[in-house]
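Novice: any chance you could fold what I've pasted below:
(chains A and B)
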Amino acid sequence: MDLRFTPEEIAFRDDLRRFFREKVPAEIRRKVAEGRHLDRDDIVTSQRILNAAGLATPNWPVAWGGKEWSPVQRYIFTEEMQRAAVPLPLQFNVFMVGPVIAAFGSEEQKQKFLPATANLDIWWCQGFSEPGAGSDLASLRTTAEKRNGNYVVSGQKAWTTLGQHADWIFCLVRTDREAKKQRGISFLLIDMKTPGITVRPVITIDGAHEVNEVFFDEVEVPAENLVGEENRGWDYAKFLLANERTGIARIGLSKQRLARAKRLSRETEAGGRTLWDDTDFRRRVAEIEVGLKALEITQMRVVANQRHRDADKPDPASSILKIKGSELQQATTELLLEVAGPYALPAPEHDRPEGWNEPAVSPDWADAAAPLYFNYRKVSIYGGSNEIQRNIIAKAFLGL
Amino acid sequence: MDFDLTEEQRLLKESIDRFAADNARDPAHAMAAGEGEALWNGFAELGLLALPFSEEDGGIGGGPVETMIVMEAIGRALITAPYLSTVVLGGGFLRLGGTEAQRAEFIPQVADGSLKMAFAQLERQSRFDLYDVATTARRDGGDFVIDGRKGVVLGGDEAGLLVVTARTAGNRRDHDGVTLFLVDANAEGVSRHGMPAQDGTRVAEIAFDGVRVPAERVLGEMDRGLPLAGHVVDVALAALCADSLGGMEELHRMTVDYLKQRQQFGVTIGSFQALQHRAADMLVAVEQARSMAIFAAMMAEEPEARERRPAMAAAKAQVNRSARLVGQEAVQLHGGIAMTWEYKAGHYFKRLTAAESLFGDTDHHLREVAEAGGLVEEI
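Specialist: Below is the predicted model of the structure:
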């Protein structure tokens, strides 16, 4: 047993640290560190910098720009990116549709989509959830009917993150209404410019436009846009969801937020001292840090044991990482909210009414604290809610 | 980064797991006369009492991972033999602080099972502060004379040799001025009052009235015994984390088994989602504890206290948290049966609860983490 990295791994880490710090613009990293929403251009700029250095898609097959990294190297890469507050490559492209096309797509699909997906020339969004299909995803009702060699898609997708920027959407659609729930689903790629698609913004409680509803009204999709086989879409979706097991805990991000909360608490006056000198506050920090350290080691155990893992054996690891990782992400945003204190109250500049032209009242970081806190309630809901994760542990692992 | 056991460690684990399972304690029934001694001899025969000592000292040269393997098995089997007090604590003092003569005299006796040890440090007012020492040792010719009272000494009534903290300079709560002594438990002026503890082990109140100790029985530096005591306690904390981990694993297994067997309303109670989620949360707590028990083992021998201390405090705080959740939930999910003396679950719960308060409870260790400024490095 040894928790330390090898000298080669440390060199690998230091190279990445330098690259992230020197090559990714500081202004973009500052926005990430403060938990502000990024513009489309920020995300595209950052991903193209990574892609030019061959670092946008390390999880893909080598033939399509992937890296033959060990699980430990992949872990270091993700941690360091989060630690440096570099925007993660667009997850819909890099962790979702890219690996599915690489594994199950036709040669034409790979040629057409993969390089453009890596470079974010195509922005993908995800069409899985529906108003009636959240945690119970397999009950989805958007249909795709075969007509004259095309699929005709009708229905509605929900919670489509950053769909307002998207060029393409990858969808789960029902191609066989008679088949059992999971069996009649297919995986379809749809150009967002196709007639019959309407995107409607959904404003979330933090006041931001992050998610959308997408409506499909008799949308004609060429049959060649089907990935793999018809009615096998559920298998591809499961592959997609299992793809990124260890990034899910986002420990690097929580560490970065915690370090920030500590630093800001030393600059914040409270009770004639700094907030950092308040023993109650410091104890709350300690509690989060203890949980985070435990989760970090749990994640390292999962990473180190990947080489022994029997893929067919149920493993509660990803559910544990999801539950604890999301709880800790939320705890760090709560902590930042507390540090901001009363100055978390004023709305950020972009949310103020038209005609407001006074300067900002809060310290420049504090007005982002409340929206971030509100926004992060999502992390225990999405990606299989924490209650679904407990079902998975109970059924697949404990045998209950 | 590697969490695999070496081939030797794997073999050790196999043999101690088998030994512990064969000797698992049935807490509902008191041990018969001589049973405890036979078990201790079993530990000696397997070489477990020589485990942490260097080969030059006649030991096996095991490290904290080996100790973790042993303690996890002990905890899983509810074994009450004084391994923690004799081998981990007593042995820890000998190997980390003993002079060559002290090591040569005592280590062979510990290793062959003929000498048990105990660490007499706690006092009525000291709670979890190692440095809070009212017991005094004053110089008298070539000897020291110890006066004071120690309480809740783990394994104190069966030990032949005590490691005692006594003040040789300064005021009661000063960090400097504490000296460690190796004291013959049967020396004149030592009176011991042993009693059973909640977890089935034994503890003792020990009074020292003018106990004469020769100067060569000073352990480590005069007046500067605290860093050594702190390090040995950290080694013991790692062992305790492993003991609790073993107990939690078994308690969780028992609970899940019970959920699959117990029928109410015509179905197994494990089919109820309210109970499934609680069993899942128990597993999360066990795995978080396992991670920190491993972390503790990795950090236990770190000589730099500034690095080691917050790590050990964090480990104990997490294991305590997990132990409380797993213990309470195991009793609740079992229902009434776990309230009975006859059934094992309640005894695991009691052992986990006892371990929580040994060498610092959750509040104490969280405060230590907080005072150290935390664990997350500046970015």
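Novice: give me the neighbour count for the residue of the stretch 101-250 of chain B found nearest chain A.
Specialist: Ranking the residues of the stretch 101-250 of chain B by distance to chain A (CB to the nearest CB) places B:Cys241 first, at 11.2 Å. Heads up, the C-betas are built off the backbone N, CA and C, glycines and all. Counted with other CB atoms under 10 Å in any protein chain shown, the neighbours of B:Cys241 add up to 32.
Novice: got the domain ranges for chain A?
Specialist: As assigned by automatic domain parsing, chain A contains the domains A:7-89, A:124-232, A:245-346+A:361-397.
Novice: now the element after the longest helix belonging to chain B, going C-ward?
Specialist: Across chain B, the longest stretch assigned as helix under DSSP state H is helix B:226-261. For helix B:226-261, the following helix or strand on the C-terminal side (DSSP states H and E) is strand B:263-264.
Novice: now that next one: average pLDDT?
Specialist: Taken as a whole, strand B:263-264 carries a mean pLDDT of 97.
Novice: what pairs with it, parallel or antiparallel?
Specialist: strand B:267-268 (antiparallel) (DSSP bridges).
Novice: what residues does the partner strand touch?
Specialist: Strand B:267-268 has contacts (CB atoms under 8 Å, 6 or more residues apart in numbering or on different chains) with B:Leu259, B:Lys260, B:Gln261, B:Arg262.
Novice: JSON lines for those, including neighbour count and distance to chain A?
Specialist: Shown next, in JSON lines, are these (neighbours: other CB atoms under 10 Å in any protein chain shown; distance: CB to the nearest CB, whole Å):
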{"residue": "B:Leu259", "neighbour count": "23", "distance to chain A": "6"}
{"residue": "B:Lys260", "neighbour count": "14", "distance to chain A": "7"}
{"residue": "B:Gln261", "neighbour count": "9", "distance to chain A": "12"}
{"residue": "B:Arg262", "neighbour count": "16", "distance to chain A": "12"}
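Novice: state whether B:Val203 is indeed within a strand.
Specialist: Yes. Membership of B:Val203 in a strand is supported by DSSP: H, G, I helix; E, B strand; the rest coil.
Novice: I'd say it and B:Met195 touch.
Specialist: Yes. Counting by CB atoms under 8 Å, B:Val203 touches B:Met195, with 6.3 Å between them.
Novice: these two: who's more crowded?
Specialist: B:Val203 (23 against 11).
Novice: can I see the domain layout of chain B?
Specialist: Split by automatic domain parsing, chain B gives B:7-114, B:118-219, B:226-371.
Novice: to A:Ile251, which of those domains lies closest?
Specialist: Distance to A:Ile251, taken as CB to CB, is lowest for domain B:226-371 among these, at 11.9 Å.
Novice: mind giving me the packing neighbours of the lengthiest strand in chain A?
Specialist: Longest strand in chain A, counting residues (DSSP state E): strand A:209-222. With contacts taken as 3 or more CB pairs under 8 Å, 6 or more residues apart in numbering or on different chains; DSSP states H and E, strand A:209-222 sits against strand A:124-127, strand A:150-157, strand A:185-191, strand A:197-203.
Novice: what residues does the stretch 201-350 of chain B put near chain A?
Specialist: Counting by CB under 8 Å from any CB of the partner chain, the stretch 201-350 of chain B comes close to chain A at B:256, B:259-260, B:270-271, B:273, B:275-277, B:279-281, B:283-284, B:287-292, B:294-295, B:297-298, B:314, B:317-318, B:321.
Novice: among these, which ones are in helices?
Specialist: B:256, B:259-260, B:273, B:275-277, B:279-281, B:283-284, B:287-292, B:294-295, B:297-298, B:314, B:317-318, B:321.
Novice: mean confidence score for stretch A:202-217?
Specialist: Mean per-residue pLDDT for stretch A:202-217: 95.
Novice: same question, stretch B:40-55
Specialist: 97.
Novice: check stretch B:236-249 too.
Specialist: 98.
Novice: got the CA positions of that stretch in PDB?
Specialist: Output in PDB follows, covering the C-alpha atoms of stretch B:236-249 (Å, rounded to 0.1, in the frame of the first residue of the first chain):
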ATOM      1  CA  ALA B 236      -2.800   3.600  18.500                       C
ATOM      2  CA  LEU B 237      -5.400   5.800  16.700                       C
ATOM      3  CA  ALA B 238      -4.600   4.100  13.400                       C
ATOM      4  CA  ALA B 239      -5.000   0.700  15.100                       C
ATOM      5  CA  LEU B 240      -8.300   1.800  16.700                       C
ATOM      6  CA  CYS B 241      -9.600   3.000  13.300                       C
ATOM      7  CA  ALA B 242      -8.900  -0.500  12.000                       C
ATOM      8  CA  ASP B 243     -10.600  -2.200  15.000                       C
ATOM      9  CA  SER B 244     -13.700  -0.100  14.400                       C
ATOM     10  CA  LEU B 245     -13.600  -0.700  10.700                       C
ATOM     11  CA  GLY B 246     -13.600  -4.500  11.400                       C
ATOM     12  CA  GLY B 247     -16.600  -4.100  13.700                       C
ATOM     13  CA  MET B 248     -18.500  -1.900  11.300                       C
ATOM     14  CA  GLU B 249     -18.000  -4.400   8.400                       C
END
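Novice: no further questions, thank you.
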